[in-house]
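[1] okay, here's the prediction I keep looking at, along with the sequence it came from:
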2 protein chains.
Amino acid sequence: MAYRVACTVSYDGSAYHGWQRQPRELSVQEVIEASLQQLHNGAEISIYGASRTDQGVHALGQVFHFDTTIDIPIERMALAINTYLPEDIFITEAKVVEDHFHARKSVLKKTYCYKLMVNQYLPHERHRMGFYKGELNLESMQQAIKELIGTHDFSAFTQHATYDSYDRTIYAATLTKTETGLELIITGSGFLRHMVRIIMGTLLLIGSNPSVKIKDILASKDRQQAGLNVAPEGLYLLQVDYE
Amino acid sequence: MAYRVACTVSYDGSAYHGWQRQPRELSVQEVIEASLQQLHNGAEISIYGASRTDQGVHALGQVFHFDTTIDIPIERMALAINTYLPEDIFITEAKVVEDHFHARKSVLKKTYCYKLMVNQYLPHERHRMGFYKGELNLESMQQAIKELIGTHDFSAFTQHATYDSYDRTIYAATLTKTETGLELIITGSGFLRHMVRIIMGTLLLIGSNPSVKIKDILASKDRQQAGLNVAPEGLYLLQVDYE
């Protein structure tokens, strides 16, 4: 009897060309599918991820689903899959879900985090944090971030992708000073390609030039008005929430 | 005119067989000496480090010194050396010191940190934190750590090395619960080989069996009484202090 399983997975994105399977480059999806194939004695299993994280991006709470008929108690499923996974990918939870559950289509909201070193380069963090050198006006940045909350057309905050609609809803966004720099945590209905990284880049632009306004950039719908697309290694998919 | 320079250096130890130069294996010392040789147009420069960190151990504040006659303003020295260094080694400060200064012999105290994931494996932290699975009595561990303070014979807390004296003084030691596990910060006059890692391993032993006592292990001078030597990747040389 076939049933659907949803897994929560953490990974270090450093060694992968992103989540999505592609020819000639190693992806997280491909490695997980290969481990599921081993677990299923060679039968091919397709997985569906909540988010197509880019090359170098990490995850603490990516979610994917797959269908199976395998006879393994669900409480041992995560351990069983982990047996075949390399040490940079780790399933933290597996549960049986209803047949209509879809890891991407059923998403209610997603939370990302961006970690940035500011004026202090730490070699052991170089694959896990972005780096920025320069003076920043934190207050302007924290003020600006509030203007992201709500439903907006985020055309100015994406690149290399087209969508039917560029409207997305941001539920919460905070920028916090950490021991070594800054941390952005942002929750939204969904995110356009590179959107979180361009938001971080735009906050840095505002931090060095407080006359730049989020409101104006949103209204312009012009990618050139927003800030740089900061490095992927500081980005983490923290959590995916479902109904 | 020759003068002596002391540098503070951060590095990610993952790719190196420790600090100390050795035949056939790549060390941090060798890579820094090679960069200094380039800076000095091929002349060989020897450096002297404060601490011989082991394979996989990281540093945020390792110190080394060297003698030079090079005509570079000291405020540009760190930048000049960094030009020739790979991205996992970074000089944060260079200053001229007196000729009798010695990075190892002049040490007043050293501070190390050990970062541990507890019951939560995070793939992107696997080269930067140790991992422990099991229940821990934090209160017993925090109580036990106080017994390390002061001057003691630490024979039970070392291995693979011999010393004239096994007496070391611990000035401060704290064990803190973090978001993902535990963090030990310890400051002492000096540390025997593997001493910080064995202290961490002993605290874990006490956390799972509070009847084990630091006092008894110190008195035994017996390596077998202390805990395991935990993994090197969680260890950081944080700071070296001089008079």
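    Received it, and whenever you're ready, just let me know what you need. Numbers count the residues shown, from 1 in each chain, chains lettered A, B, ... in the order given.

[2] and the spatially closest residue to A:Asp153 that is not a sequence neighbour, how many neighbours?
    Of all residues not flanking A:Asp153 in the chain, A:Tyr166 sits nearest, at 4.9 Å (CB to CB, 6 or more residues apart in numbering or on different chains). (Glycine included, C-beta is placed from N, CA and C.) Residues lying near A:Tyr166 (other CB atoms under 10 Å in any protein chain shown) number 16.

[3] one more: A:His100?
    A:His100 has 8 nearby residues by other CB under 10 Å.

[4] quick one, phi psi at it?
    phi -90, psi 0 (degrees, to the nearest 10).

[5] for chain B, see how far away it is.
    30 Å (CB to the nearest CB, to the nearest Å).

[6] what sits against the nearest residue to that residue once chain neighbours are set aside?
    Computed as CB to CB, 6+ apart, the closest residue to A:His100 that is not its neighbour in sequence is A:Ser106, at 8.0 Å. A:Ser106 sits next to A:His100, A:Tyr242, A:Glu243 when contact means CB atoms under 8 Å, 6 or more residues apart in numbering or on different chains.

[7] can you tell me which of these is nearest A:Thr8?
    Proximity of the contacts of A:Ser106 to A:Thr8 (CB to CB) peaks at A:Tyr242, which lies at 11.1 Å.

[8] how about the residues of chain A by chain B?
    Where chain A comes near chain B, counting by CB under 8 Å from any CB of the partner chain, the residues are A:10-14, A:58, A:60, A:87-90, A:121-124, A:126-128, A:236.

[9] can you tell me how far the residue nearest to A:His100 is from A:His65?
    Per CB to CB, to the nearest Å, A:Ser106 is found 9 Å from A:His65.

[10] what's the answer for A:Gly207, then?
    Distance, A:Gly207 to A:His65, using CB to CB: 39 Å.

[11] looking at those two, which is more packed in?
    Ranked by neighbour count (other CB under 10 Å), A:Gly207 and A:His65 place A:Gly207 first, with 24 against 20.

[12] tell me the helices and strands packed up against the longest helix along chain A.
    Assignment by DSSP state H gives helix A:195-208 as the longest helix of chain A. Counting contacts by 3 or more CB pairs under 8 Å, 6 or more residues apart in numbering or on different chains; DSSP states H and E, helix A:195-208 packs against strand A:107-118, helix A:138-145, strand A:167-177, strand A:181-188, helix A:214-220.

[13] which positions in it come out as buried?
    The neighbour-count check on helix A:195-208 (16 or more other CB atoms under 10 Å in any protein chain shown) flags A:195-207 as buried.

[14] how does chain A divide up, domain by domain?
    A:3-97, A:107-242 (automatic domain parsing).

[15] okay if I get these as TSV plus distance to B:Ala161 and mean pLDDT?
    Listed next are the domains of chain A as TSV, based on distance: least, CB to CB, whole Å; pLDDT from 0 to 100:
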stretch	distance to B:Ala161	mean pLDDT
domain A:3-97	30	97
domain A:107-242	25	97
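
[16] let me have the ones you listed in CSV, extended by distance to B:Phe157.
    Formatted as CSV, the domains of chain A follow (distance: least, CB to CB, whole Å):
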stretch, distance to B:Phe157
domain A:3-97, 29
domain A:107-242, 25
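
[17] nearest to B:Gln225 among the ones you listed would be which one?
    Sorting the domains of chain A by CB to CB, the top spot, which is the nearest, belongs to domain A:3-97 at 31.8 Å.

[18] span of the closest one from start to end?
    8 Å (CA to CA, to the nearest Å).

[19] so what's the residue lying farthest from the centre of chain A up against?
    Outermost residue of chain A with respect to the C-alpha centroid, by CA atoms, centre = their mean, is A:Met1; its distance is 33.2 Å. Residues in contact with A:Met1 (CB under 8 Å, 6+ apart) are A:Thr69.

[20] flag every buried residue along stretch A:149-161.
    Quick answer for stretch A:149-161 (16+ other CB under 10 Å): A:His152, A:Phe154, A:Ser155, A:Ala156, A:Phe157, A:Thr158.

[21] and that stretch, how far apart are its ends?
    23 Å.

[22] hmm, who's touching that stretch?
    A:166-173, A:192-195, A:198-199, A:202, A:217-218, A:220-223, A:225-226, A:229.

[23] wait, A:Gln120 sits on A:Leu182?
    No: using CB atoms under 8 Å, A:Gln120 makes no contact with A:Leu182, being 11.3 Å away.

[24] neighbour-wise, which of those two wins?
    Set A:Gln120 next to A:Leu182 and count neighbours by other CB under 10 Å: A:Leu182 wins out with 24 against 16.

[25] so what's the closest residue to the more buried one other than its chain neighbours bridging to?
    Nearest residue to A:Leu182, sequence neighbours excluded (CB to CB, 6+ apart): A:Leu116, at 4.7 Å. A:Leu116 forms beta bridges with A:Gly130, A:Leu182, as assigned by DSSP bridges.

[26] so for stretch A:233-242, what gets flagged as buried?
    Judged by neighbour count (16+ other CB under 10 Å), stretch A:233-242 contains these buried residues: A:Glu233, A:Gly234, A:Leu235, A:Tyr236, A:Leu237, A:Leu238, A:Gln239, A:Val240.

[27] closest one of these to A:Ile70?
    A:Val240 (23.8 Å).
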